[in-house]
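> got a predicted model here, sequence first, then my questions.
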Amino acid sequence: MSRNYCTEAAVLKTRRMGDIHKTVIILSPEKGILNAVVHGAYKGKSRISSITDPFCLSVFELYHNPVKDLWKITGCESRELNSNIRENLNAVYNASFWSELILKSHASGADFEWAYSILCSALSSLNAAPDDGMMITMHFLYRFLIGSGFISDFSSCGHCGRERGNAEVYFSPVEGCFLCSLCASSGLPVIDGSSASYLEASLSLNLEEAVKNRLDLRIVKEIRNLLLAIIKSIIEVPLKTLDYIDYVME
């Protein structure tokens with residue numbers, strides 16, 4: 001069985017290892033989440049160091065040691081550096097949140113090709129518009145939740161089956177679905193009818209196109225915060241980057 005692999009991947013996180021080496025956590029559509037070593041990454045003016053920074057999309061040549069279950073990056077060809085993200089702190093914090101969410105949910109246990117696709121689309125959109133982190137995060141979260149099966153759509157009540165129409169809906173973390181006002185108990189996260197319709201319609205577009213359909217920033221924040229509340233009720237581990245995603249936005 002071959003120990004050499006070639007795959008596209010997005011860099012989620014990096015860490016220095018010793019004086020000159022680097023560990024890189026990547027998301028591959030074929031192999032999932034991998035922790036690999038780049039030997040000599042910080043030795044001299046290593047080209048591979050800059051193209052294995054967070055949020056880069058590259059084609060990686062990998063060697064796998066099956067005995068120790070260790071991965072090593074032996075070559076790398078850059079596809080998208082997404083350097084504009086790293087020059088904007090708000091963009092960095094939003095992209096870091098997406099990476100942390102994927103890591104701590106292990107890409108939600110879903111199809112890695114799907115998770116890779118929405119991450120790449122979100123990074124591309126953020127690189128093109130670094131100040132639009134809140135808007136892009138809103139769309140990223142909704143697609144992450146729908147695609148992972150964590151939530152269903154808003155079309156009908158998950159308890160009684162009543163059609164939503166234009167009414168508001170409530171999310172029940174216990175039942176894992178959206179409920180109508182008749183079935184919902186007090187204190188549940190709520191989304192108004194127009195916002196629910198907006199999100200449903202956005203799924204017919206790719207993420208890059210969806211973020212161009214602008215909303216008032218106040219409404220964007222309300223929807224995003226609702227989706228964050230749902231995420232926190234499902235992912236029962238702390239997400240450290242949540243403390244920073246509104247940096248310079250207030």
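Yep, that arrived.
> could you confirm residue 113 falls within a helix?
Yes: counting by DSSP: H, G, I helix; E, B strand; the rest coil, residue 113 is part of a helix.
> what is the neighbour count of residue 163?
By the criterion of other Cβ atoms under 10 Å, residue 163 has 9 neighbours. For glycine as for every other residue, the C-beta is placed from the backbone atoms N, C-alpha and C.
> need the contact list for it.
Each residue near residue 163 by Cβ atoms under 8 Å, 6 or more residues apart in numbering is listed here: 155, 156.
> report the beta-bridge partners for it.
residue 156 (DSSP bridges).
> per-residue pLDDT, the closest residue to residue 244 other than its chain neighbours?
In this structure, residue 244 finds its nearest non-sequential neighbour in residue 93, 4.1 Å apart by Cβ to Cβ, 6 or more residues apart in numbering. With respect to pLDDT, residue 93 scores 95.
> give the buried residues for stretch 188-197.
By 16 or more other Cβ atoms under 10 Å, the buried positions in stretch 188-197 come out as 188, 189, 190, 191, 192, 195, 196.
> now those residues as CSV including distance to residue 237, secondary structure and pLDDT?
Below are the buried residues of stretch 188-197 laid out as CSV (distance: Cβ to Cβ, whole Å; DSSP: H, G, I helix; E, B strand; the rest coil; pLDDT from 0 to 100):
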residue, distance to residue 237, secondary structure, pLDDT
188, 22, coil, 85
189, 19, coil, 82
190, 25, strand, 86
191, 24, strand, 86
192, 30, coil, 87
195, 27, helix, 89
196, 28, helix, 87
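> ok, those vs residue 87, which is closest?
Proximity of the buried residues of stretch 188-197 to residue 87 (Cβ to Cβ) peaks at residue 195, which lies at 31.5 Å.
> quick one: the closest one and residue 246, what's the gap?
Note on residue 195: its distance to residue 246, by Cβ to Cβ, to the nearest Å, is 19 Å.
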